[in-house]
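> Quick one, structure for this:
(one chain, ligands or ions: 2)
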Amino acid sequence: MEGLNTKQRSKSLHTGSTDKMDRITCIGAGQLSTKKANNRLNRRNQYLNYGLLSLASVLKRKGLAPVVIHGHFSSPSETLTTAIAYGLAESKLPILLSLPSFYAVAWAKEFILQVKALLPSHKIIVGGRWVVGKFPERLKELLPEADIIIPGLAEARIVELVTGTRSLPLQPSRETSNQTSSLDYSLLHRREYYQPSIEIARGCGMKCSFCLERDEKLQPLKSPDALADELQSTLLDDGLIEMTPYFETSMFVPNKHWSEGLGSAFDARAIKVRWRTEARVDTLKAELLPSLAASGLSILDLGLESASPTQLLRMHKTQKPEKYLEKASRLLVACAENGVKAKVNILLYAGENDETIAQTLAWLDQHREAIYGVSVSPVIVFGWPEETENYLNTLARYGATRDHSPCPGVTHINLSEQVNYEDSLELARIISKRFMRAGRYYKLKSFSYFPRDYCFEDFLADMAQEAGSHSFSTAFLEECIEEVMGQSAHTASSDLMDCQAS
Ligand code: B12
Ligand code: SF4
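Numbers count the residues shown, from 1 in each chain. Ligands and ions are numbered 1, 2, ... in the order given. Purely as a prediction, here's the structure:
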């Protein structure tokens, strides 16, 4: 495995041969608070904006000098200070500001105002297709100080945008560039702290009613050789927590040739890596698990969503719920047999009632041995009013009503007469706690989202400070510690155990 020198990398980002006049500052907008409970643990999540990193990688390949800085849960001013250290003030090129979700808009607004106060002539280009949608003018109303707002994917036009911003209209582009790009992690500020994402496919098109990728055509998987080459230039072996990449795709549908090819591509390069990906329960073939596990598949996120046939039909998740659930069972068994940890995602949907919830719980209980953890959320409606009206009307047919909007673009709903918005949050917490324990929660998060220097002791200390606000169980903490830390568990200080009380 190629051992990359991270100190050298960040030094070249700061001072290297790059003329600071050519610096392109790419900012991943952060959040002023978290989507879920605004507690310490949720604020530790370090979500990589790999769409932005993809754009920066294109710019670098064209000879420009981008740097990618994430706001995460830092203040806009702190992020601006970092950008200035990278040469923002001396640069003549525009700033790229990426909005990964509607929750990031308030942060972005503050950031733009601060930039404009300090550097009034600097242009700011804003993008992020999940927020801009088909209505850039709506976002412009919220961010009037932004110079240009760009809808859609942007690899094919980013160079033009950065080097000739004035001639561009505020119109949706017809271009698509739905190909995955290889990500250059050397452009990422504090890159060594991120668990890497490798993009292996875009699109999906499976028509689930709640999902924005429902009509985006699925692209072919990146070839095993291209994936292995990208991994080789990405992975660091540096004494921090092991790098365990996430292979990003909305729908992982490999065939036998791809699954076996991955193992061969890794063997040819002597790559040993534990990786994670996400799949539907009814499209990933259980018989591929042995070869995928042999090439390092360790965690599989499964969008089961529900085990109530009624709810599955309402979500348009499947037309044949019984078959769907059968396939899900088979896949879970295959995961367990091959040592792959299955994390199951559950969506509480419109029309939910005692019966539908009982069906889902009974199914999860029945498969408990094969499930490593469960993550539960109520459905949230995202989008501008023009985009969501029809969908909200559809949900109303199942008894759902609008509850409130915590910020523009986000609508929380009462799922039914029986389950209002607050109940849905409580239900989500109860189900999560029933199937997710603290140790496993840490392992799952640390595999992909916690910074690579955030160890289990830090987690336990954070957890103890805010006992009670978590979506996992803190019962059987001693066993959890043993599961995560093995025999050295007994060295974990006993006062950490006090938080078991919650
Ligand atoms: C993978 C994924 C994640 C990953 C990676 C996120 C990431 N930022 O890349 C993780 C797990 C970390 C994640 C986390 C969250 N996610 Co998410 N995620 C997705 C998913 C499945 C795919 C995203 C994707 O398409 N990436 C691929 C890249 C290539 O596309 P891209 O990021 O859009 O980037 C392209 C364009 O947008 C554009 N672009 C982007 N930035 C800029 C900037 C400029 C200047 C320009 C010109 C263009 C441009 O160019 C890029 C390259 O072509 C989607 C959609 C889905 N099917 O559910 C949800 C989705 C985007 N996530 C969502 C949410 C809500 C979240 C969270 C808030 C949830 C949470 N638990 O807190 C966090 C927020 C994370 C954060 N702060 O970044 C919502 C967003 C809803 C909304 N409209 O607000 C979505 C749509 C899912 C849903 N519920 O419907 N997510
Ligand atoms: S399978 Fe997943 S990514 Fe595809 S439309 Fe359904 S929820 Fe969205």
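
> Quick check: phi and psi on the closest residue to ligand 2 within the stretch 301-450 of the chain?
Residue nearest to ligand 2 within the stretch 301-450 of the chain (Cβ to the nearest ligand atom): residue 303, separated by 5.2 Å. For glycine as for every other residue, the C-beta is placed from the backbone atoms N, C-alpha and C. In terms of degrees, to the nearest 10, the main-chain angles of residue 303 are phi -80, psi 70.

> Test my guess that it contacts residue 278.
Yes: Residue 303 lies in contact with residue 278 (Cβ atoms under 8 Å); the separation is 7.0 Å.

> So residue 259 belongs to a helix, correct?
Yes: membership of residue 259 in a helix is supported by DSSP: H, G, I helix; E, B strand; the rest coil.

> and the gap between it and ligand 1?
Using Cβ to the nearest ligand atom, to the nearest Å, residue 259 is found at 22 Å from ligand 1.

> Next, the residue nearest to residue 339 when sequence neighbours are not counted: secondary structure please.
Spatial nearest neighbour of residue 339, excluding adjacent residues (Cβ to Cβ, 6 or more residues apart in numbering): residue 293 at 6.0 Å. When classified by three-state DSSP, residue 293 comes out as helix.

> Point out where the stretch 1-150 of the chain drops to low pLDDT.
Along the stretch 1-150 of the chain, the model assigns pLDDT under 70 to residues 1-19, 34-37.

> interface residues of it facing ligand 1?
The stretch 1-150 of the chain comes close to ligand 1 at residues 35, 47, 49-52, 54-55, 96-98, 100-104, 125-131, 150, as judged by Cβ under 6 Å from any ligand atom.

> Need the single longest helix in the protein, by residues.
Counting by DSSP state H, the longest helix found in the chain is helix 321-337.

> how about low-confidence regions in this structure?
Within the chain, the stretches with pLDDT under 70 are 1-19, 34-37, 165-180, 487-502.

> What ranges does it have for its strands?
Ranges of strands in the chain, per DSSP state E, are 23-28, 65-70, 95-98, 124-127, 148-150, 197-199, 246-248, 275-279, 297-305, 341-348, 373-378, 380-382, 401-407, 410-414.

> could those go into a markdown table alongside mean neighbour count?
Below are these laid out as a markdown table (neighbours: other Cβ atoms under 10 Å):
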| stretch | mean neighbour count |
| --- | --- |
| strand 23-28 | 27 |
| strand 65-70 | 26 |
| strand 95-98 | 26 |
| strand 124-127 | 24 |
| strand 148-150 | 21 |
| strand 197-199 | 22 |
| strand 246-248 | 22 |
| strand 275-279 | 22 |
| strand 297-305 | 22 |
| strand 341-348 | 23 |
| strand 373-378 | 21 |
| strand 380-382 | 18 |
| strand 401-407 | 14 |
| strand 410-414 | 20 |
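
> can you tell me which of those strands comes nearest to residue 430?
Residue 430 lies closest, by Cβ to Cβ, to one member of the strands of the chain: strand 373-378, at 8.6 Å.

> orientation of the closest one relative to strand 297-305 in degrees?
Orientation check (axes from the mean of the first three to the mean of the last three Cα atoms, to 10 degrees): strand 373-378 against strand 297-305 gives 30 degrees.

> Residues touching strand 373-378, excluding its own?
36, 341, 343-348, 364, 412-413, 415, 421, 424-425, 427-429, 431-432, 434-437, 440-441, 444, 471-472 (Cβ atoms under 8 Å, 6 or more residues apart in numbering).

> Next, count neighbours for the closest residue to ligand 2 within the stretch 1-150 of the chain.
At 12.2 Å from ligand 2, residue 130 is the closest residue in the stretch 1-150 of the chain, using Cβ to the nearest ligand atom. Residue 130 is flanked by 16 other residues according to other Cβ atoms under 10 Å.
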